[in-house]
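Colleague: Sequence plus predicted model, see below.
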Amino acid sequence: MIEAAFTARAFGLGEHAGRHAPFLRSIRRALDYDLIGLDEGDDPGAVPEVTLLVRRLLPPLSERLADRLPPGLALEHRRYGSAVHADEAPLLRHARQLARTHHQLEARSTDGAS
């Protein structure tokens, strides 16, 4: 368990309280971009406790989210995305070939079992 004020200080975001505190704005932005999730405790009588669920691998941003980036970052994102997609074609071909091979092997094993 981490304390919000301690964590905010550790990230260099200060320990200001309130809705507009830099730490809480960062948490809200991470929620907006689906980088984290919240898991609120089920026990209504317990002290309110929220668990942050943090992604370790991030998916590509959707166009909607990419459009919300600052202009310089949006440009960099598009450049990176186009470079990744250029390399994607051989990988997709390979994945399709593996899927076909797997399907063929399954069909053979099913035919042999009957």
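Modeller: Happy to help now that I have it.
Colleague: Under a three-state scheme, what state does the residue most central in space within the chain occupy?
Modeller: Against the mean C-alpha coordinate of the chain, by C-alpha atoms, centre = their mean, the closest residue is Leu58 at 3.6 Å. Classification of Leu58 using DSSP: H, G, I helix; E, B strand; the rest coil returns coil.
Colleague: which ones are touching Leu69?
Modeller: Residues counted as contacts of Leu69 (C-beta atoms under 8 Å, 6 or more residues apart in numbering) are Leu61, His77. (C-beta placed from N, C-alpha, C; glycine too.)
Colleague: I'd like the numbering to begin with 36 instead of 1 from here.
Modeller: New numbering, starting at 36: the last item is Leu104.
Colleague: Now do the phi/psi pair for it.
Modeller: Phi and psi for Leu104, reported as degrees, to the nearest 10, are phi -70, psi 150.
Colleague: Report the contact partners of Lys85.
Modeller: Actually, residue 85 is Val rather than Lys. Contacts for Val85 (C-beta under 8 Å, 6+ apart) come out as Leu73, Asp74, Glu75, Gly76.
Colleague: ditto for Ala65
Modeller: Neighbouring residues of Ala65 by C-beta under 8 Å, 6+ apart: Ile71.
Colleague: what does Pro105 give?
Modeller: Pro105 is in contact with no residue at all, counting by C-beta under 8 Å, 6+ apart.
Colleague: Tell me the spacing between it and Glu111.
Modeller: Relative to Glu111, Pro105 is positioned 10 Å away (C-beta to C-beta, to the nearest Å).
Colleague: again, but for Thr42
Modeller: According to C-beta to C-beta, Thr42 stands 28 Å off from Glu111.
Colleague: what's the answer for Ala40, then?
Modeller: The spacing between Ala40 and Glu111, counted by C-beta to C-beta, is 33 Å.
Colleague: Can you flag the buried ones in the contacts of Val85?
Modeller: With burial judged by 16 or more other C-beta atoms under 10 Å, the buried subset of the contacts of Val85 is empty.
Colleague: Include pLDDT and secondary structure when you put those into a markdown table, please.
Modeller: Output for the contacts of Val85, formatted as a markdown table (pLDDT from 0 to 100; DSSP: H, G, I helix; E, B strand; the rest coil):
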| residue | pLDDT | secondary structure |
| --- | --- | --- |
| Leu73 | 86 | strand |
| Asp74 | 85 | strand |
| Glu75 | 78 | strand |
| Gly76 | 70 | coil |
